[in-house]
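S.K.: pasting a predicted model and its sequence here:
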Amino acid sequence: MTDLHLSEAADMVSAVRARTNPAPIVKSFFDEPTNTASYVIHDPTSGSAAVIDSVLDFDAAAGRICYAPADEIIAYV
């Protein structure tokens, strides 16, 4: 048994929450040489953000580091 008024009220509350608390935005970055995915997650309301699994591309055979994947994330942030 469902109360129609209760259902309508719940829908209205959900709509208000959706407008005032939008979902976090997730941007993914894929680095093919290391086969690694990195993510930037940010809250559009507060502006807070986090970087998850940032990549520093290291070529062990050549002993070189490539900053391009990290620079791409920095440019996005």
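M.R.: Received it, and whenever you're ready, just let me know what you need.
S.K.: so His5 sits in a strand?
M.R.: No: secondary structure of His5 (DSSP: H, G, I helix; E, B strand; the rest coil): helix, not part of a strand.
S.K.: just the pLDDT for it.
M.R.: Listed pLDDT for His5 reads 74.
S.K.: do the same with Met1
M.R.: So, for Met1, pLDDT stands at 46.
S.K.: what's the closest non-adjacent residue to the residue sitting nearest the centre point of the chain?
M.R.: For the chain, Val26 is the residue whose C-alpha lies nearest the centre (CA atoms, centre = their mean; 2.1 Å). Closest residue in space to Val26, ignoring its immediate chain neighbours: Ile41 at 5.1 Å, by CB to CB, 6 or more residues apart in numbering. (Each C-beta comes from the backbone N, C-alpha and C, glycine too.)
S.K.: and for the one you found, the neighbour number?
M.R.: 14 (other CB atoms under 10 Å).
S.K.: one more: Val51?
M.R.: Neighbours of Val51 (other CB under 10 Å): 16.
S.K.: distance from the chain centre to whichever strand or helix holds the residue nearest to the centre of the chain, please.
M.R.: Using DSSP states H and E, Val26 maps to strand 25-31. Distance of strand 25-31 from the chain centroid (CA atoms, centre = their mean, to the nearest Å) equals 7 Å.
S.K.: CA atoms of that strand as PDB?
M.R.: The C-alpha trace of strand 25-31 is given here as PDB (Å, rounded to 0.1, in the frame of the first residue of the first chain):
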ATOM      1  CA  ILE A  25      32.100  15.200 -11.000                       C
ATOM      2  CA  VAL A  26      34.600  12.400 -11.900                       C
ATOM      3  CA  LYS A  27      37.100  12.800 -14.700                       C
ATOM      4  CA  SER A  28      39.300   9.900 -15.700                       C
ATOM      5  CA  PHE A  29      42.700  10.000 -17.300                       C
ATOM      6  CA  PHE A  30      44.300   6.900 -18.900                       C
ATOM      7  CA  ASP A  31      48.000   6.500 -19.400                       C
END
